[in-house]
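Chemist: okay, here's the prediction I keep looking at, along with the sequence it came from:
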Amino acid sequence: MLLLCQSLGFYVDRRPLSKPLFAHNQEKICKHCKFFKKDFFTETKYGHCSRFPIQSTDYSLVDGYKDESPTSYYYCSVARSSDRMCGLEGKYYESKN
């Protein structure tokens, strides 16, 4: 099944994988990436990827005023599901070390 998210402007392919994600690229796991952000109160699987902010501009495109809202990020699961972002291969993965 292909999930179309028009409001965010990306597509997420929900077809089952022939192999688990870790079998595709075992060394590029999100929780070991420098862009991985985890909230203290949530589980690791709900971590965010700071490489892909949802609000990427400093000024509102609608009214031109400075955007004071905190930056929010896509979930890592979304970034790894989308080929326009990190994809299954972890294109933008960088080790924390």
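Modeler: Happy to help now that I have it.
Chemist: element containing the residue lying closest to residue 87 once chain neighbours are set aside?
Modeler: Nearest non-adjacent residue to residue 87, counting by Cβ to Cβ, 6 or more residues apart in numbering: residue 80, 6.8 Å away. Every C-beta, even on glycine, is put in place using the N, C-alpha and C of the backbone. Counting by DSSP states H and E, the element that carries residue 80 is helix 76-81.
Chemist: where does this protein have low pLDDT?
Modeler: The chain contains residues with pLDDT under 70 at 1-26, 55-57.
Chemist: where do the helices of it begin and end?
Modeler: Using DSSP state H, the helices found in the chain span residues 21-24, 76-81.
Chemist: and the residue most central in space within the chain, how far is that from residue 95?
Modeler: Centroid-nearest residue in the chain: residue 79, 3.0 Å away (criterion: Cα atoms, centre = their mean). Here residue 79 is placed at a distance of 16 Å from residue 95 (Cβ to Cβ, to the nearest Å).
Chemist: measure the residue nearest to residue 87 to residue 31 for me?
Modeler: 12 Å.
Chemist: more neighbours: which of these two?
Modeler: residue 80 (25 against 11; other Cβ atoms under 10 Å).
Chemist: is the more buried one in contact with residue 92, as I believe?
Modeler: No: here residue 80 does not reach residue 92: they are 10.3 Å apart, not a contact under Cβ atoms under 8 Å.
Chemist: okay, and the common contacts of the two?
Modeler: residue 86 (Cβ atoms under 8 Å, 6 or more residues apart in numbering).
Chemist: compute the number of surrounding residues for residue 35.
Modeler: Other residues close to residue 35 by other Cβ under 10 Å number 19.
Chemist: so who does it touch?
Modeler: Taking Cβ under 8 Å, 6+ apart as the test, what residue 35 contacts is 49-51, 92, 94.
Chemist: residue 74: which of those residues is nearest?
Modeler: Within the contacts of residue 35, the smallest distance to residue 74 is 5.7 Å, found for residue 49 (Cβ to Cβ).
Chemist: burial count for the closest one?
Modeler: Look at residue 49: counted by other Cβ under 10 Å, it has 22 neighbours.
Chemist: with adjacent residues omitted, what lies nearest to it?
Modeler: Closest residue to residue 49 apart from its sequence neighbours, by Cβ to Cβ, 6+ apart: residue 79 at 4.3 Å.
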